[in-house]
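> Kindly generate the corresponding structure for this input.
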Amino acid sequence: MPLERTPLLQAPGGPHQDLRVNFVAGAVEPHKAAALERLLWRACRGFLIASFRETEQQLEDPVTGEPATWTTFLISYWGEQIGQKIRKITDCFHCHVFPFAEQEEARLGALQQLQQQSHELQEVLGETERFLSQVLGRVQKLLPPWQVQIRKMKAVYLALNQCSVSTTHKCLIAEAWCATRDLPTVQQALQDSSSEAGVSAVVHRIPCRDMPPTLVRTNRFTASFQGIVDAYGVGRYQEVNPAPYTIITFPFLFAVMFGDVGHGLLMFLFALAMVLAENRPAVKTAQNEIWRTFFGGRYLLLLMGLFSVYTGFIYNECFSRATAIFPSGWSVAAMANQSGWSDTFLAEHPLLTLDPNVTGVFLGPYPFGIDPVWSLAVNHLSFLNSFKMKMSVLLGVTHMTFGVVLGVFNHMHFGQWHRLLLETVPELVFLLALFGYLVFLIVYKWLRFTAADAASAPSVLLHFINMFLFSRSATNRPLFSGQEVVQSVLVVLALAMVPILLLGTPLFLRQQHRRHARRRQLDEDKTGLLDASVSVSSQGLDEEKAECPGDREEAEFVASEVFMHQAIHTIEFCLGCISNTASYLRLWALSLAHAQLSEVLWAMVMRVGLGLSDEMGVVAVVLVPIFAAFAVMTVAILLVMEGLSAFLHALRLHWVEFQNKFYAGTGYKLSPFTFAVEDAEHP
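Have a look, this model is predicted:
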């Protein structure tokens, strides 16, 4: 009888042959279980009974050590050939085969033994985890001082690696920059340490031609302002530092563009909250990058908000609304009494004109800021445009002139008298002759003309244009007698400064170089050859003399490079005076944009909510979301977006229009040895 037709419970040898059932047990990956079952069934032609079951909990993979889900199987078969096939197939599927006893008693005994071993291993693992937890607990207490020690050792060895070994290999030689004020402290520290070690340390001051690094000592208040300056460029050694002046000018120019009492007060309170909470660990150690940026500039924001409140009172704007702190200087009643306005006249003329020439209408200027009555006027925007535009020109010319004056102190300190006379003085004359005169015209017109003759006041803009054209306008009368002569002299004087700026410094440097060259040639002619002994001795002295790495011969004078550099500087300054003055008009533009955005936000949100009728009694309920929307848009648009825009424009005015008049910013910072964390220098 063929093997395929043999009954399952009858062996091929006959009905009386003893049957012996064998077992194969193991585990396989779940995605291979179905394929394994099909292959076993086909290869063994059904002469087996296979049972597959997926484990309820994840077990550790013996190869990778990672937890994984397994499918266990138990295969019952008889016959040695069938068993060999099953083992080969399970090996091909990378199954984990485990021994399986044939007797039930042996299986139960093995199960109990495994359970006992598992229990013992769990106890051992638990004890090990508890022991490791105790060890880690003790280490956790020691970890902070260990970290400090490691960082200190790393910093010390990094500094020692930068030292050089002496020729005798008995000491280390370190060359470093040190602030003159800190030199006694360094010497005292070396004395204290060397007295304990028994070896004295010697400090020598080495003359060096390299430009020293720049050290600017800051505190929590001045750090953010110094950071603004350093972002443009680190100042040269002993160069005038713009940071002390930036403490006032930066928040002020920002406030000119951001002038609003309400918005400035919100910014001030936000910065004040950060200042009051600056010592809290949770605030200092916050990891949010945006928060760290605001927190680092908290004192800058504080002054920006405070100055914005000040300029807001000048503009008389609080969330775009005017406030009547003092009585108005305009009287409508006086105008009505003098003009005889009737009810019919008022009904036919919704717009009324207040004439300051009428007695009693204009009582005098407002005590501080702009009169609130201007917020009701139709020509309110025209009045503010004229005021802010002229104010921007005045502030810009003053700011630039102050920058040029600071350059005088730079040249005096470094002994560059030729640059003071041939560059700074012509620059100052050029700037004041043109744009200083423009400021004079604006102020003079304000003081010269009153309401009585304001209609006949000439145009400052036309006068300034005619000044460059050397012409006059018949319809635009002069502001003062002899104005045309004064303007012509100023233009000629400004133009005369251009060749001095262009050629003065290069010609002086070339003459100075020739004079030094002739002097060196005369010294060489007068000096004879040295004796051999003197040469040898001097050579030995030169070898023993310690040289600074920066000691090198002076660079050869190249006339073309000097002339080219001076030409670029002259063109940049002359054209920059025009473009920089126009650039300060951003103070007017940003201030106008901020005021109009505030007005639009109030008109489109709050005015709509406040204008609702209370017939249905829902105004109180509706005003809550309306005010919430107004508050959110005020913070998001007017404080964050407009504030960032004004900040960037104020930054540009300081970097480009102000600092380029005197500040080179070509130095590098002093990086002293310190154990402090770099980011925690000014928390």
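> which residues of the stretch 101-250 of the chain fall in strands?
In the stretch 101-250 of the chain, the strands defined using DSSP state E, counting those that start in this stretch lie at 164-165, 172-173.
> what helices or strands is the first one leaning on?
Read it as strand 164-165. strand 172-173 (3 or more Cβ pairs under 8 Å, 6 or more residues apart in numbering; DSSP states H and E). Every C-beta, even on glycine, is put in place using the N, C-alpha and C of the backbone.
> Show residues contacting the strand it packs on.
Leu160, Cys163, Ser164, Val165, Ser166 (Cβ atoms under 8 Å, 6 or more residues apart in numbering).
> Could you measure from the last one over to Ser194?
Which is Ser166. 16 Å (Cβ to Cβ, to the nearest Å).
> can you check the third one too?
Remark: distance between Ser164 and Ser194 (Cβ to Cβ) = 19 Å.
> Pick out whichever of the two has more residues nearby.
Ser194 (13 against 9; other Cβ atoms under 10 Å).
> wait, what's in contact with the more buried one?
By Cβ under 8 Å, 6+ apart, the neighbours of Ser194 are Ser200, Ala201.
> lowest confidence element among the helices and strands of the protein?
helix 532-544 (a mean of 42; mean pLDDT, DSSP states H and E).
> Let me know the next secondary structure element after it.
helix 559-583 (DSSP states H and E).
> For the next helix-or-strand element following that next one, list the C-alpha coordinates in PDB.
Sequence-wise, the next helix or strand downstream of helix 559-583 (DSSP H and E) is helix 586-601. Only the C-alpha atoms of helix 586-601 are listed here, as PDB (Å, rounded to 0.1, in the frame of the first residue of the first chain):
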ATOM      1  CA  ARG A 586      11.300 106.700   8.100                       C
ATOM      2  CA  LEU A 587      10.600 108.200  11.500                       C
ATOM      3  CA  TRP A 588       7.700 110.100  10.000                       C
ATOM      4  CA  ALA A 589       6.500 107.200   7.800                       C
ATOM      5  CA  LEU A 590       6.500 104.600  10.600                       C
ATOM      6  CA  SER A 591       4.900 106.900  13.000                       C
ATOM      7  CA  LEU A 592       2.100 107.700  10.500                       C
ATOM      8  CA  ALA A 593       1.600 104.100   9.700                       C
ATOM      9  CA  HIS A 594       1.400 103.100  13.400                       C
ATOM     10  CA  ALA A 595      -1.200 105.900  14.000                       C
ATOM     11  CA  GLN A 596      -3.300 104.900  11.000                       C
ATOM     12  CA  LEU A 597      -3.200 101.200  11.900                       C
ATOM     13  CA  SER A 598      -4.400 102.100  15.500                       C
ATOM     14  CA  GLU A 599      -7.100 104.300  14.000                       C
ATOM     15  CA  VAL A 600      -8.300 101.600  11.600                       C
ATOM     16  CA  LEU A 601      -8.300  98.900  14.400                       C
END
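> what does helix 586-601 rub up against?
Counting by Cβ under 8 Å, 6+ apart, residues outside helix 586-601 touching it are 253, 256-260, 263, 315, 317, 319-320, 384-385, 388-389, 391-392, 395-396, 630, 633-634, 637-638, 642, 645-646, 649, 653.
> Among those, which ones are in helices?
253, 256-257, 263, 315, 384-385, 388-389, 391-392, 395-396, 630, 633, 642, 645-646, 649 (DSSP state H).
> Pull the number of nearby residues for Ala582.
Ala582 is flanked by 12 other residues according to other Cβ under 10 Å.
> do the same with Leu420
Around Leu420 there are 17 residues (other Cβ under 10 Å).
> ok, it - contacts?
Leu420 makes contact with Val408, His411, Met412, according to Cβ under 8 Å, 6+ apart.
> taking these one by one, which sit in helices?
Going by DSSP H, the helices hold Val408, His411, Met412 from those.
> Please indicate which of those are buried?
The neighbour-count test (16 or more other Cβ atoms under 10 Å) marks Val408, His411 as buried among the ones in helices among the contacts of Leu420.
> so which of the ones in helices among the contacts of Leu420 comes closest to Phe47?
Phe47 has its nearest neighbour among the ones in helices among the contacts of Leu420 in His411, at 107.1 Å by Cβ to Cβ.
> For that closest one, list the residues it contacts.
Residues counted as contacts of His411 (Cβ under 8 Å, 6+ apart) are Trp417, Arg419, Leu420, Glu423, Thr424.
> Provide a ChimeraX selection command restricted to the buried entries of those.
In ChimeraX, this line selects whichever of the contacts of His411 come out buried by 16+ other Cβ under 10 Å:
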select :419,420,423,424
